[in-house]
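Participant: Give me the fold of what follows.
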Amino acid sequence: DLNINYDQTILSDNLNICGNKKSIHSAIYKDHLLNQWHLNPDPTNLANSSEFRMYFKGAISRLTDDNREHYSEFISLTYNQIIRRAQEDNNYNLLTEDGQPNFKLYLASPSGWSNQERQEYKAFFETILHVPVVSVIPESEAALTYSKHSDRALANRLVGKSKILIIDFGSSTIDFTLMCDGNVQKNATVEYGAKYVEEIIFQYMLQNENNAQNAFQSLLDNGLNETSASQELVFIVRKEKEAYYGNRNRYMSPSLDIGYIIQDATERFTCDNIRGYSSEELNNNILAEYINIIRNCFSNFKEDNDCAELGAVILTGGASNMDFVQSLAKEVFGLKPMMAPNPSLNISQGIAVYGYLNEKDDEYWNSHNNTKDGLISYRDKYPHGKHTEECKRQLQEYERPIYPPKPDEEEKREMYRKIKQKADAKNVSGSDIRISTVYETDVIAREMAQRHPNLLGREDHFTCKIGKYQNVCKAEGKAISNLGET
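Facilitator: All right, here's what the predicted structure looks like:
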């Protein structure tokens with residue numbers, strides 16, 4: 001919630017364990033000498049690769065067997081690198097001495113995924129890492145969390161905006177989250193992420209640049225299959241693309257300069273001096289069809305959802321650095337989009353901030369949910385917290401009348417007969433039994449137990465609720481503490 005005060009620990013640099021850049025690409029290669037998979041391919045180590053894979057991430061139920069295997073390797077390698085670099089770079093142990101996690105693990109997924117797909121994703125990670133996953137949250141919601149709680153300038157611009165659209169433009173998907181008054185109104189995902197940009201550029205190069213064709217053939221001649229060869233070259237185009245669009249001063253030199261494919265000391269293959277592409281050539285020619293697809297995706301979301309009176313459009317994800325994405329957002333939604341300084345890190349930092357706030361939420365709930373005043377305090381502090389619905393339910397229970405309807409005469413006679421039987425068995429004379437008092441004591445206690453199973457034994461609650469029957473209830477303690485014998 002925007003009214004929550006900033007906590008300086010949220011703004012700490014410790015969120016960036018791997019440094020201030022996106023240092024782990026979703027690509028892996030296998031070293032043919034060691035027969036092992038590795039992260040962070042570069043031209044030097046690619047010379048020894050026998051297999052290269054990227055584009056393996058996705059909903060678990062839709063993964064091929066190969067992609068499932070490669071995704072498993074990537075998750076394991078990434079986890080181990082984070083653990084190692086936390087120790088090396090920050091001198092922080094993410095594992096205890098006996099190897100148990102000294103952290104809470106949160107994940108983000110495309111916003112349009114179903115709850116089942118998120119649960120499958122959670123189970124997939126837990127099986128590979130043997131670490132419990134606390135929660136899987138939509139990526140665009142993670143981005144909004146970052147915008148509200150970690151970017152003070154952006155948060156100030158969001159104050160008073162009741163309807164907000166977050167567009168997370170990633171490498172695999174484009175995620176939309178429409179929020180109104182702090183509540184998610186719509187989540188949606190389209191499978192047209194920025195990976196298509198480097199693929200389109202690579203295919204254009206392969207058809208029009210002799211050097212690109214020679215590089216591809218060199219990889220095939222050196223034993224790579226077509227999938228590995230093409231993905232290895234596409235990966236290099238991706239790195240050039242990210243460096244170009246991530247450069248805020250790129251308009252000083254308006255060309256996507258793919259000046260080489262790979263050239264290493266072993267001269268496994270050589271290919272250089274591929275000419276650069278200007279932004280005009282990219283947008284008006286090479287990427288024109290893709291840009292039109294993105295325009296349609298934006299327009300379709302606007303037409304299918306109530307985007308009237310939008311207060312803000314927030315762009316996140318590394319691909320939102322592409323100039324045509326920003327232009328299309330303004331063209332379709334009529335608002336200049338807001339962007340954080342480094343949109344590539346919005347999701348990862350948003351997950352960290354979400355996790356931090358979630359732990360604080362749990363801590364506050366656990367210490368305030370045992371009294372009415374505590375519940376009111378939680379409701380006011382966390383109007384959109386994870387326990388808000390349960391808080392509202394319990395507050396409603398405090399306000400509900402607990403007295404049941406009076407029984408009719410036949411019910412009274414039957415109840416009297418049963419009570420008289422128990423009384424005779426315990427040598428209690430019938431004259432000591434007042435049917436209305438015994439009935440109301442018994443039924444009130446049962447009603448209380450059914451409605452408030454967590455309140456049994458809390459005399460203060462029963463006393464204030466039962467009112468004029470409190471003395472009877474105290475005397476008939478069994479009615480509260482042991483319903484089975486009532």
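Participant: got the residue ranges for the strands in the stretch 101-250 of the chain?
Facilitator: Ranges of strands in the stretch 101-250 of the chain, per DSSP state E, counting those that start in this stretch, are 105-109, 133-138, 163-169, 174-180, 183-190.
Participant: Just send these back as CSV, with mean pLDDT, mean neighbour count and distance to residue 235 too.
Facilitator: Yep, even glycine has a C-beta here, placed from its N, CA and C like the rest. CSV is the format used below for these (pLDDT from 0 to 100; neighbours: other C-beta atoms under 10 Å; distance: least, C-beta to C-beta, whole Å):
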stretch, mean pLDDT, mean neighbour count, distance to residue 235
strand 105-109, 92, 20, 23
strand 133-138, 90, 19, 27
strand 163-169, 89, 25, 19
strand 174-180, 88, 24, 21
strand 183-190, 85, 17, 23
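Participant: can you redo those strands as CSV with distance to residue 247?
Facilitator: Below are those laid out as CSV (distance: least, C-beta to C-beta, whole Å):
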stretch, distance to residue 247
strand 105-109, 26
strand 133-138, 29
strand 163-169, 17
strand 174-180, 22
strand 183-190, 27
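Participant: Tell me the helices and strands packed up against the longest helix seen in the chain.
Facilitator: When the chain is scanned for its longest helix (criterion: DSSP state H), the result is helix 65-90. Helix 65-90 is packed against strand 27-31, strand 36-38, helix 115-129, with contacts defined by 3 or more C-beta pairs under 8 Å, 6 or more residues apart in numbering; DSSP states H and E.
Participant: repeat that with 6 Å
Facilitator: In terms of contacts (3 or more C-beta pairs under 6 Å, 6 or more residues apart in numbering; DSSP states H and E), helix 65-90 is packed against helix 115-129.
Participant: For the helix it packs on, which residues meet the burial criterion?
Facilitator: For helix 115-129, a neighbour-count test (16 or more other C-beta atoms under 10 Å) marks 117, 118, 120, 121, 122, 124, 125, 129 as buried.
Participant: what's the closest of these to residue 99?
Facilitator: Residue 99 lies nearest to residue 129 out of the buried residues of helix 115-129, by C-beta to C-beta, at 12.0 Å.
Participant: ok, that closest one touching residue 78?
Facilitator: No. The criterion here is C-beta atoms under 6 Å, and residue 129 misses it with residue 78 at 9.8 Å.
Participant: and residue 202, how many residues sit next to it?
Facilitator: 24 (other C-beta atoms under 10 Å).
Participant: hmm, I was thinking of residue 348
Facilitator: Residue 348 has 19 nearby residues by other C-beta under 10 Å.
Participant: which secondary structure element contains it?
Facilitator: Using DSSP states H and E, residue 348 sits in helix 346-368.
Participant: show me what contacts residue 204?
Facilitator: Neighbouring residues of residue 204 by C-beta atoms under 6 Å, 6 or more residues apart in numbering: residue 286.
Participant: now residue 67
Facilitator: Going by C-beta under 6 Å, 6+ apart, residue 67 touches residue 56.
Participant: if I look at residue 400, how far off is residue 391?
Facilitator: 15 Å (C-beta to C-beta, to the nearest Å).
Participant: More neighbours: those two, which one.
Facilitator: Using other C-beta under 10 Å as the criterion, residue 400 and residue 391 rank with residue 391 on top: 22 against 10.
Participant: what about residue 92, distance to residue 40?
Facilitator: Counting by C-beta to C-beta, the gap from residue 92 to residue 40 is 21 Å.
Participant: And for residue 115?
Facilitator: 33 Å.
Participant: And the longest helix of the chain, what's buried?
Facilitator: For helix 65-90, by 16+ other C-beta under 10 Å, it's 67, 70-75, 77-79, 81, 83, 85-86.
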